[in-house]
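J.: coords below, sequence missing:
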């Protein structure tokens with residue numbers, strides 16, 4: 001793993017972050033964020049909240065090559081002033097150095113104070129090699145990037161409540177590896193990625209988020225939902241309320257779903273508080289269907 005830290009004196013210049021702390025626990029510094037997962041629904045919602053609540057924060061948006069033009073069009077909604085705080089970087093978490101050039105990596109590792117990693121395959125039916133590459137290799141590449149920073153970087157990492165696999169009963173946030181089995185490669189890959197991230201918690205300011213199945217807050221164009229659980233939810237909303245909806249396992253097991261807006265609100269609020277460093281958070285419905 002490459003962890004050499006660059007000389008950032010000339011790269012930071014006048015934009016060097018000012019670090020101080022208030023009694024409330026909120027960071028009083030100018031954040032500079034690397035965001036993954038855009039233009040996915042959750043990353044879009046996180047960016048909306050950050051742009052509205054942090055007028056000085058800059059954001060570097062990592063976008064797959066084939067989605068760059070769409071992302072640039074979408075980001076125009078923030079207006080001329082907002083766009084000055086945004087920079088799109090073609091690349092991908094499943095590629096070494098995130099698909100960035102050496103110059104880009106050097107510049108970003110000198111500037112970025114926080115990494116918000118919201119990408120990774122969400123379709124549990126994807127082939128196992130694809131899941132591993134997007135989830136586990138993606139996590140390793142994000143860690144490699146963060147570890148090159150001259151300053152300790154905050155890492156907000158999207159995991160999943162499904163890391164518990166086939167466990168039954170109460171699962172606590174500080175628990176991960178209890179020798180449990182998994183129903184499918186998606187759960188296994190999520191587990192491996194979180195275990196990897198936890199192993200670097202002593203070197204990074206890690207926050208881990210474990211939502212259950214994420215669904216849209218309201219009816220939206222299903223073409224904007226490449227992830228199968230989100231698309232399924234959008235379709236179910238069109239079903240007449242009088243028609244029974246089949247549930248997994250014949251309805252004998254709880255169906256845990258959470259609105260995307262709730263998840264985005266939670267990740268944003270928790271990722272900017274200093275006292276949440278080193279913690280894991282279950283983002284779930286206490287009263288599942």
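T.: Happy to help now that I have it. These numbers were taken from a predicted model, which means no experiment stands behind them.

J.: where along the stretch 101-250 of the chain do the strands fall?
T.: When secondary structure is read from DSSP state E, counting those that start in this stretch, the stretch 101-250 of the chain shows strands at 114-117, 154-158, 205-211, 213-215.

J.: Save those as a markdown table, and put in mean pLDDT, mean neighbour count and distance to residue 257 too.
T.: Just so you know, the C-beta spots here come from the backbone N, C-alpha and C atoms, and that holds for glycine as well. Formatted as a markdown table, the entries for the strands of the stretch 101-250 of the chain read as follows, by pLDDT from 0 to 100; neighbours: other CB atoms under 10 Å; distance: least, CB to CB, whole Å:
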| stretch | mean pLDDT | mean neighbour count | distance to residue 257 |
| --- | --- | --- | --- |
| strand 114-117 | 98 | 26 | 22 |
| strand 154-158 | 97 | 25 | 16 |
| strand 205-211 | 97 | 23 | 9 |
| strand 213-215 | 86 | 21 | 5 |
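
J.: and residue 148, which of these is closest to it?
T.: Across the strands of the stretch 101-250 of the chain, the minimum distance to residue 148, taken as CB to CB, is reached by strand 114-117, at 11.2 Å.

J.: Sheet-wise, list the partners of the closest one with their directions.
T.: strand 32-36 (parallel), strand 154-158 (parallel) (DSSP bridges).

J.: which residues sit against that strand?
T.: Applying CB atoms under 8 Å, 6 or more residues apart in numbering, the contact partners of strand 114-117 are 31-37, 43, 46, 93, 138-139, 142, 145-146, 153-158, 267, 271.

J.: Repeat the analysis, applying 6 Å as the threshold.
T.: For strand 114-117, the external contacting residues (CB atoms under 6 Å, 6 or more residues apart in numbering) are 31, 33, 34, 35, 36, 142, 146, 153, 154, 155, 156, 157.

J.: and if you look at stretch 280-289?
T.: Defining contact as CB under 6 Å, 6+ apart, one finds that stretch 280-289 is touched by 161, 173, 208-212, 254-256, 258, 263, 266.

J.: roughly how far is it from the heart of the chain?
T.: If you compare the mean C-alpha spot of stretch 280-289 with that of the full chain, they lie 17 Å apart, counting by CA atoms, centre = their mean, to the nearest Å.

J.: quick one: residue 59 is in a strand?
T.: Yes - counting by DSSP: H, G, I helix; E, B strand; the rest coil, residue 59 is part of a strand.

J.: In contact with the residue nearest the centre of the chain, which residues?
T.: Compute the mean C-alpha point of the chain, and by CA atoms, centre = their mean the closest residue is residue 118, 1.8 Å away. Counting by CB under 6 Å, 6+ apart, residue 118 touches 36, 37, 42, 43, 158.

J.: Now distance to residue 275 too, for those residues, in TSV please.
T.: Shown next, in TSV, are the contacts of residue 118 (distance: CB to CB, whole Å):
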residue	distance to residue 275
36	24
37	25
42	23
43	25
158	20
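
J.: Looking at neighbours, which among those is most surrounded?
T.: residue 158 (28 neighbours; other CB atoms under 10 Å).

J.: so how far is residue 156 from the residue nearest to that one when sequence neighbours are not counted?
T.: Nearest-residue entry for residue 158: residue 118, 4.9 Å, with adjacent residues in sequence omitted and distances by CB to CB, 6 or more residues apart in numbering. Residue 118 sits at a distance of 8 Å from residue 156 (criterion: CB to CB, to the nearest Å).

J.: what do those two both touch?
T.: Once CB under 6 Å, 6+ apart is applied, it turns out that residue 118 and residue 156 contact no residue in common.

J.: ok, which stretches of this protein are helices?
T.: Under the criterion DSSP state H, the chain carries helices at the ranges 9-12, 41-53, 68-75, 79-83, 102-111, 128-131, 138-147, 185-198, 228-236, 260-271.

J.: Compare the ones you listed and say which comes out lowest on pLDDT.
T.: The stretch with the lowest mean pLDDT among the helices of the chain is helix 9-12, at a mean of 44.
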